[in-house]
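1. Turn this into a model:
(chains A, B, C and D)
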There are 2 protein chains.
Amino acid sequence: MMARATIHDVAAAAGVSVATVSKAVNGRYGVAPETTERVLEAVAALGYESSLVASSMRSRRTGVIGVLVADFEPFSAEVLKGVAVGLRESRYDLLAYSGSRHGDGQGWERRSLSRLSGTLIDGAIMVTPTVVNVSADVPLVAVDPHTGRADLPTVEADSRGGAREATAYLIELGHRRIGFVAGRPDLTSSRLRDAGYRDALAAAGIGFDPALVRVGFYEADTAKDAARELLGQRQRPTAVFAANDLSAIAIIEVARDLGLEVPRDISVVGFDDVPEASRLVLPLTTVRQPMQRIGQTAATMLTALMAGETLSATHVLLPTKLVRRATTAPPQPASA
Amino acid sequence: MMARATIHDVAAAAGVSVATVSKAVNGRYGVAPETTERVLEAVAALGYESSLVASSMRSRRTGVIGVLVADFEPFSAEVLKGVAVGLRESRYDLLAYSGSRHGDGQGWERRSLSRLSGTLIDGAIMVTPTVVNVSADVPLVAVDPHTGRADLPTVEADSRGGAREATAYLIELGHRRIGFVAGRPDLTSSRLRDAGYRDALAAAGIGFDPALVRVGFYEADTAKDAARELLGQRQRPTAVFAANDLSAIAIIEVARDLGLEVPRDISVVGFDDVPEASRLVLPLTTVRQPMQRIGQTAATMLTALMAGETLSATHVLLPTKLVRRATTAPPQPASA
DNA sequence: AACGTTTTCGAAAACAGTTTCGAAAACCAT
DNA sequence: ATGGTTTTCGAAACTGTTTTCGAAAACGTT
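-> Numbering: from 1, shown residues only, chains lettered A, B, ... in the order given. Next comes the predicted model:
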């Protein structure tokens, strides 16, 4: 009911000094058992919890780990859930921070990290696609392939392998003219998916045709433009692999606008398996990233790092899985 | 690459005092344009960003709003996404905190709030089912019905109306013996769903039968126990309404174990429409809560509150929507 | 050149609640 | 009583920022 309790209130309630309360709460040596008990009672009665700000100021530890996300889109949200699971058995609390989209757009991850570090948090997980050359006075783990420091511990899904599998599946269905809607060229994940697409073509002895590739930038509007160009051609592809689900959905809409039926006239495969993928009128065939497991793994790595351990593997690659749903089929005999 | 830069580093690099840097960065009056430019260059070069902790100490503002969640389960995660959307156009950053699973389990919301308050955040949204008598030195908005202060601004889904609609739908299908697996009796949301269930029975002139009600506590294990009792009776219900999706899924599993086929032998309706609901082998008929809209509304209310405005409505009730999927059907003629 | 006014800048205080340090007090056994 | 060991306490220290206030510099006017 009253304003938040400070250590002074607890001290007064327990009839001891603030120094004693601090030691009792933190389990330091040198306080009588009965005193500890009395202090803990007062703590419970007042609902006291040490202030993050104050304790971070004095001792450089808070028992909180920070997760930096660009935004709470499906991928980040799922990773976050995984981090929470990975932290459940630890003594760490979790703080997710989404900051400064406004402004320059460049280097926000470094600046957000800077705001939290120093030190509100004892360690951080960066769920950001770019991860420029950040550094901090706390242990760091990155999620997703990125263009930053190579020595930064990282956990990511196997983008290249997943893309290869998706493309190979389309080939196996009988497709030969397979289009690709790429992601943001500045992101490593996008480049890896591009590479996987080419791997599969090469393995099947199919020549790479630049006319079948367009950049969709991972976003709906731009992916639609890309899809319109791709499907508007005379020799249009019989199947398209999209660098993410958002793009795949955009492609399906464009196909429908052009009077093409999915999957009869054109097959579409996505990447991610966002929660919506399976709920679409036409459930999407896509490459599933184990988003929660990525988060959980990152959390485990970070706690090990904070405990001063050396990581056995600093770069963890988690397998993807092709999920076959309703947007893929063999090409029509006529156009095969 | 080096450790994070402080205002002192910037001052040294720009050849001015820390006071000047502070003024330049915050656009205060009394610093020459050329000096400002020099300072800003140093800021950019060093990647400096003011520490949240330090600035919160001096000026009592941080430009950050806090969201307290018990855990990152589906409901909280969806609300969080909504809050992010609601904040997108504001100048506020978002900090989500999940704390103190360890320990008592009681009053953690007050204690987590205590850790952040004082003041790391300029306002808070509590996504917690209990919301005991918290108070803080910052504006507060609660999500979900709760047992706390009645004057706390709140946004919630229409639990009672949703439960009524779900039950009425079962009645409309022809069911007369309709079971109910309740949630945690200590939570208001659960009591409201109970009330809605009874409303619908009463409106249809069906007597309330305590033998058809069991408490499932909103969790899988306990809901299974409840379901076993409910379905193990001689005069078993032909349909069951569950207070949340988790319980509904548990009921379906129990039914299957007992050799009952859903929906032929028994219909099941849930509440929430968690992302999984539609992905089950048998997509679940359920009452959808607009989780993202709840978060977005809470964010809007909070920013208004922080701007010193008076809320036109302190208690917002958002409508639910019955989603008919595959787990409901008319009762079998024999047992009807 | 002298004087008053305005602009610019920096040293130091304040901020707030915690943890830690060193000393005092209490306790116990000999 | 003395010496040693716990336990307790008051006061200092800690963080990085913002702000206040006075001094110095720059400028314009006579």
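2. which residues sit in contact with residue A:158?
-> Residue A:158 makes contact with A:317-320, according to Cβ atoms under 8 Å, 6 or more residues apart in numbering or on different chains. All C-beta spots, glycine's among them, are computed from the backbone N, C-alpha and C.
3. can you rerun that using 10 Å?
-> Applying Cβ atoms under 10 Å, 6 or more residues apart in numbering or on different chains, we find residue A:158 in contact with A:145, A:164-165, A:192, A:196, A:287, A:289-290, A:317-321.
4. before we move on, what about residue A:117?
-> So residue A:117 contacts A:66, A:110, A:123-124, A:134-138, A:140, B:3-4, B:49, B:51-53 (Cβ under 10 Å, 6+ apart).
5. Just the buried ones from the residues you listed, in ChimeraX syntax?
-> This is the ChimeraX syntax for the buried subset of the contacts of residue A:117, where burial follows 16 or more other Cβ atoms under 10 Å in any protein chain shown:
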select /A:66,110,123,124,134,135,136,138,140 /B:4,49,51,52,53
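6. wait, which of the contacts of residue A:117 is closest to residue B:269?
-> residue A:66 (40.2 Å; Cβ to Cβ).
7. tell me the secondary structure for that closest one?
-> Following DSSP: H, G, I helix; E, B strand; the rest coil, we place residue A:66 in the strand state.
8. now swap in residue A:79 and tell me
-> Secondary structure, three-state DSSP: residue A:79 is helix.
9. show me the contacts for it.
-> Residues in contact with residue A:79, defined by Cβ under 10 Å, 6+ apart, are A:67, A:69, A:96, A:125, A:127, A:143-144, A:155, A:289, A:291-299.
10. and chain B, which of these reach it?
-> A:67, A:69, A:96, A:292, A:295 (Cβ under 10 Å from any Cβ of the partner chain).
11. Can you tell me which of those residues end up in strands?
-> Cross-referencing the ones next to chain B among the contacts of residue A:79 against strands under DSSP state E gives A:67, A:69, A:96.
12. among the residues you listed, which are within reach of DNA strand C?
-> Among those, proximity to DNA strand C is found for none (Cβ under 7 Å from any atom of the strand).
13. Could you dump those into a markdown table with distance to residue A:200 and neighbour count added?
-> Formatted as a markdown table, these follow (distance: Cβ to Cβ, whole Å; neighbours: other Cβ atoms under 10 Å in any protein chain shown):
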| residue | distance to residue A:200 | neighbour count |
| --- | --- | --- |
| A:67 | 34 | 28 |
| A:69 | 32 | 25 |
| A:96 | 36 | 27 |
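14. Specify the residue ranges that define each domain of chain A.
-> Here the domain parsing of chain A from automatic domain parsing is A:7-42+A:51-157+A:292-318, A:159-289+A:321-335.
15. so which of the ones you listed gets nearest DNA strand D?
-> Nearest to DNA strand D among the domains of chain A is domain A:7-42+A:51-157+A:292-318; the distance by Cβ to the nearest atom of the strand comes to 3.2 Å.
16. So is that closest one next to DNA strand D?
-> Yes. Under the criterion of Cβ under 7 Å from any atom of the strand, DNA strand D is reached by domain A:7-42+A:51-157+A:292-318 at A:15-20, A:23, A:30-32, A:34-35, A:57-58, A:118.
17. if we can go back for a sec, which one among the contacts of residue A:158 gets closest to residue B:82?
-> Using Cβ to Cβ, these come closest to residue B:82 at residue A:289, 23.5 Å.
18. Residue nearest the middle of chain A, spatially speaking?
-> With distances taken as Cα atoms, centre = their mean, the residue of chain A nearest its centroid is residue A:76 (4.2 Å).
19. C-alpha coordinates for whichever strand or helix holds it, CSV please?
-> Taking DSSP states H and E as the definition, residue A:76 sits inside helix A:74-87. Taking C-alpha atoms only, helix A:74-87 is exported to CSV below (Å, rounded to 0.1, in the frame of the first residue of the first chain):
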residue,chain,number,x,y,z
PRO,A,74,7.4,-13.7,-34.1
PHE,A,75,11.1,-14.8,-34.4
SER,A,76,12.3,-12.7,-31.5
ALA,A,77,9.3,-13.6,-29.4
GLU,A,78,9.9,-17.3,-29.8
VAL,A,79,13.6,-16.9,-29.1
LEU,A,80,12.6,-15.0,-26.0
LYS,A,81,10.4,-17.8,-24.8
GLY,A,82,13.3,-20.2,-25.3
VAL,A,83,15.6,-18.0,-23.3
ALA,A,84,13.1,-18.0,-20.4
VAL,A,85,13.0,-21.7,-20.5
GLY,A,86,16.8,-21.9,-20.5
LEU,A,87,17.0,-19.6,-17.5
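20. Mind checking the pLDDT average for that helix?
-> Average pLDDT, helix A:74-87: 91.
21. What of stretch A:301-316?
-> pLDDT averaged over stretch A:301-316 gives 92.
22. That stretch and chain B in contact?
-> No. Under the criterion of Cβ under 10 Å from any Cβ, chain B is not reached by stretch A:301-316; the shortest gap measures 14.4 Å.
23. Thank you, goodbye.
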